[in-house]
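>>> this one's sequence-less:
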C-alpha cells in the first residue's frame, strides 16, 4: 500500500477528528492538507470526480491530469485549479460522527452524517497514524489466535500448576 | 487512451489468450489452462493489498452498470447504454466470482441497490457521472467513454503492477478487453451524435 509519508502531527488525531479536518481542508481548497490525511492513492482518487467535472469540456485540463504520474508540475497545476474551484463552492458541511467500527487491528470505519446524509470513510493505520484509505473497507476477519498462544493455552489446561 | 498502448495491450491480451487456449478462458472460472492444455487451479494466497484490490474492482464494476442503467432510462432512444449495461453485469459477476474464490467477504455489497456504494469515492464518481450525463445525450455518451477509460486504467494497473496470480490476471484481461469494446461503442455513438 502506498502511504503518504508526510509526518505532520495531524496524524496523531483520531479518525473521527480526521473526518472533520478532511472536509475543512477540502472545501477551503487546502489540498496539501487533504493529501496529508489520506493514503496517496486515495488522495488522487478523491480528486478524480472533481477533475472529471472540470475536464469534461476542457481537454487540456484532462491532458494535464493524465500526466500526473510522470510530471509533478502537471499535478501541481491541476491541484491549483481544483483548489480554486473547491474554494469557490464556499461549502462548510456539518459533520456529525455516528459510529466508529473497528475492522481488524489496523483498520476502522467512521460512520457519520454530512449535512444529514449518511456517509462513511475507511481508515487504515500505518506506523501508529491513521489515514483515510478507500481500499480499507474490505471486512477483515478477526485476527486468528497465534500458534504460540494456542500452545500456551493448551499447556495451561493440562498443567494447571504452570499458572 | 493512447491508441498505441491500446493496440499493444490488445496484442498482449490476444497472445495470452492463444497460450491459454483462447476460448478456454472463462469469466466465471477460477482455474486456468496451463500451456499443455491441462486445467490447473491457480488460486493461491493473496496479500491483503491484493484482496483489497479485488474487492474494490468488484464495486467499481458496479459503478459502470449503475451509471448506464440511469442514463439508459434517461435516454431510452439510445440503445448503447442498455446493451453495455448487460455486459457490465457479466463483469460484476466475474469480479464477484474472483472475490468468492479468494474467500473475500462481499456481504456488505448490495448489488441490487442501484446507485448506492459503500466506498465514498465510488459514490462521488457515480454522482458526478449521472450529473454530467443528465445534461444531454452527447454528454451522457461522453460519460460512458470516460467510465470505460477509468475502468481500463484500474484494470491495467491491477494487471501490471500488483503481482496478481494468473487466474486474476486472465479474468481482468477479459474484463479490460470488454471495456475496450465498450469504449469503441461509445466512441462510435459519439461520432454518430456529432454528425
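Received, thanks. Computed from a prediction, not measured in an experiment: that's the story for all the values here. Residues are numbered from 1 along each chain as shown, chains lettered A, B, ... in the order given.

>>> near chain B, which residues of chain A show up?
A:1, A:42, A:45-46, A:48-50, A:52-53, A:56, A:119-122, A:134-141 (CB under 8 Å from any CB of the partner chain). In this view, the C-beta of every residue, glycine as well, is placed from N, C-alpha and C.

>>> among the residues you listed, which ones are in strands?
A:119, A:120, A:121, A:122 (DSSP state E).

>>> could I get those as CSV with neighbour count?
Compiled in CSV, those are given as follows (neighbours: other CB atoms under 10 Å in any protein chain shown):
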residue, neighbour count
A:119, 16
A:120, 17
A:121, 26
A:122, 24
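
>>> now render those as CSV, adding distance to residue B:138 and pLDDT.
Listed next are these as CSV, based on distance: CB to CB, whole Å; pLDDT from 0 to 100:
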residue, distance to residue B:138, pLDDT
A:119, 32, 95
A:120, 35, 95
A:121, 35, 97
A:122, 36, 97
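
>>> excluding sequence neighbours, find me the nearest residue to the residue nearest the centre of chain A.
Nearest residue to the geometric centre of chain A (CA atoms, centre = their mean): residue A:132, 1.0 Å. Using CB to CB, 6 or more residues apart in numbering or on different chains and skipping the chain neighbours, the partner closest in space to residue A:132 is residue A:38 (4.3 Å).

>>> which ones are touching that neighbour?
By CB atoms under 8 Å, 6 or more residues apart in numbering or on different chains, the residues touching residue A:38 are A:4, A:22, A:46, A:131, A:132, A:133.

>>> per-residue confidence at it?
Looking at residue A:38, its pLDDT reads 97.

>>> quick check: phi and psi at it.
Backbone geometry at residue A:38, expressed as degrees, to the nearest 10, gives phi -130, psi 160.

>>> please, which helix or strand holds residue B:164?
Taking DSSP states H and E as the definition, one finds residue B:164 inside no helix or strand.

>>> look up how far residue A:126 lies from it.
Residue B:164 sits 23 Å away from residue A:126, going by CB to CB, to the nearest Å.

>>> higher neighbour count, these two?
residue B:164 (20 against 15; other CB atoms under 10 Å in any protein chain shown).

>>> wait, doesn't the more buried one sit right on residue B:49?
No - at 10.3 Å, residue B:164 does not count as touching residue B:49 under the criterion of CB atoms under 8 Å.

>>> so what does residue A:133 look like in phi/psi?
phi -150, psi 110.

>>> residues near it, how many?
By the criterion of other CB under 10 Å, residue A:133 has 21 neighbours.

>>> I figured it hits residue A:110, correct?
No - using CB under 8 Å as the test, residue A:133 is too far from residue A:110 to be in contact (11.6 Å).

>>> any low-confidence regions in the chain?
This is for chain A. A:1-11, A:143-150, A:153, A:160-163 (pLDDT under 70).

>>> I was thinking of chain B, sorry if that wasn't clear
Ranges of chain B meeting pLDDT under 70: B:1-43.

>>> kindly report the residues of it close to chain A.
By CB under 8 Å from any CB, the part of chain B that sits against chain A consists of B:48-49, B:51-53, B:55-56, B:104-105, B:107-108, B:118-121, B:123-125, B:127-129, B:131-132, B:139, B:142, B:146, B:150.

>>> mind giving me the PyMOL command for buried ones among these?
In PyMOL, a selection of the buried entries from the residues of chain B next to chain A looks like this (16 or more other CB atoms under 10 Å in any protein chain shown):
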select buried, chain B and resi 48+51+52+53+55+56+104+118+119+120+121+123+124+125+128+129+132+139+142+146+150
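
>>> restricted to helices, list the residues of chain B next to chain A.
Among the residues of chain B next to chain A, DSSP state H puts B:48-49, B:51-53, B:55-56, B:120-121, B:123-125, B:127-129, B:131-132, B:139, B:142, B:146, B:150 in helices.

>>> what about the helices in chain B?
B:3-20, B:48-74, B:79-101, B:120-133, B:137-161, B:166-194.
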